[in-house]
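> Predicted model and sequence below, questions to follow.
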Amino acid sequence: MTGSKTAVLLKRVSKRYFLRNSFDKKPFFALQNLNLKIKKGEKVAILGDNGAGKTTLLKLIAGIAESSSGEVQTFGKVVSLIDITAGFHQEFSGRENIYLNAVLLGLRPREVKSLEQEIIDFAGLAEFIDQAIYTYSSGMVLRLGFAIAIHAEPDILILDEGIIVGDQDFQKKAYDSVEEIFAQGKTIILSSHMLPLLKRLCQRFVWLERGQIMMDGGQEVLLEYKKNRASLQLEKTPSNQNANLLFDFLKNLPIGEKFIATASSGSMEPLILKGDEIEVERADFADLKKGEVIAFWSEDLQNVVVHRFYKLEKGKIVTKGDNNLVADVGHVEERSFLGRVLGF
């Protein structure tokens, strides 16, 4: 049987949309003649820039959307964390929505009852659980949706970009839960721009571009994708004419504030390539730990540089790159330090 060792099978699948503002009603293909087979237990990362077709592909597999042509088959219970709040009823309480959503995900009422308190505790919503959902903040709704989905015992789990939600404590619980599922031999299909996360969790990488598969394989796909992104970003990135203003702005952000920057050094490859976007959290110079990846300002490059923290020496940070050919050593003064890079 095809389904005995197969979790997901797509045969010549296309998804087309007709653009409302298109005068000639020319169709736009989000996916075109796509063939894909995912075996049971595989951990697959879907790579691609915005508009490549990643979310469309995940929605077709999850059954949220239908293909325009071709065949999509799944074998086993599919749970999707693409839109984890879609099934909520605003007038129902949080507790009632647990039952509503869990049943929609394939659980029986008696199974939901046995999991009810675990879900409430996981979401951290005990004192609000009998209030109507419309009184919840968006973060509370997302936490509840995530908690329900993660307890649904899927055979195939689909995770999209915004999989980890809530405050820092909840994010840690969410990451731990996702990693537990990864360790259980479930089939996981994951899409995220957090490439270090994908590298750590997945063994197979499918690179989409304009609705078609560019590459499908192991770590070599991730490296080629990163190189391609880096070259495109550098072509689009203008020279930093207001470098001093940018540095002053970043340096004066409060401790704990996060910002996105473009790495202007390639010394961390293949983990971070020149031109990669990174998320940085402002941190105290004295709180750094050996091995953390840090961002700092380079006067020579007039931009943000990323290295790995090695040790403190005479009031300066000694850093090293991750390039296997050249272990770049740098010295960073406190005045140039910007923060720690997240996701590593």
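Cool, got the structure. Just so it is clear, the structure is predicted and the values come from calculations on it, not from any experiment. Numbering: from 1, shown residues only.
> Just the helices from this structure, written as ranges.
Assigned by DSSP state H, the chain shows helices spanning 54-62, 94-104, 109-123, 138-150, 168-183, 195-201, 219-236, 243-251.
> what would these look like in TSV with mean pLDDT, distance to Trp207 and mean neighbour count?
For glycine as for every other residue, the C-beta is placed from the backbone atoms N, C-alpha and C. Compiled in TSV, the helices of the chain are given as follows (pLDDT from 0 to 100; distance: least, Cβ to Cβ, whole Å; neighbours: other Cβ atoms under 10 Å):
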stretch	mean pLDDT	distance to Trp207	mean neighbour count
helix 54-62	90	10	23
helix 94-104	90	32	19
helix 109-123	91	34	16
helix 138-150	84	27	22
helix 168-183	73	21	14
helix 195-201	75	11	18
helix 219-236	71	5	15
helix 243-251	74	32	14
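> Nearest to Ala263 among those helices would be which one?
Among these, helix 219-236 comes nearest to Ala263, with 8.9 Å by Cβ to Cβ.
> Provide the partner residues of Glu209 in its beta bridges.
Per DSSP bridges, the residues bridged to Glu209 are Gln212.
> thinking it is in contact with Gly48, fair?
Yes: between Glu209 and Gly48 there is a contact at 6.2 Å, judged by Cβ atoms under 8 Å.
> So between those two, which is more surrounded?
Shown here are Glu209 and Gly48; by other Cβ atoms under 10 Å, Gly48 has more neighbours (22 against 16).
> ok, so what distance separates that one from Gly106?
29 Å (Cβ to Cβ, to the nearest Å).
> Do you know the pLDDT at the residue nearest to Met140 when sequence neighbours are not counted?
Counting by Cβ to Cβ, 6 or more residues apart in numbering, Leu125 is the residue found nearest to Met140 once chain neighbours are left out, at 6.2 Å. At Leu125, the pLDDT value in this model is 91.
> so how many other residues sit close to Leu125?
Neighbour number of Leu125 under other Cβ under 10 Å is 21.
> Also Asp276?
Neighbours around Asp276, by other Cβ under 10 Å: 22.
> which residues does the nearest residue to Gln73 once chain neighbours are set aside contact?
Nearest residue to Gln73, sequence neighbours excluded (Cβ to Cβ, 6+ apart): Leu9, at 4.4 Å. Applying Cβ atoms under 8 Å, 6 or more residues apart in numbering, we find Leu9 in contact with Thr2, Leu36, Lys37, Ile38, Glu71, Val72, Gln73, Thr74, Phe75.
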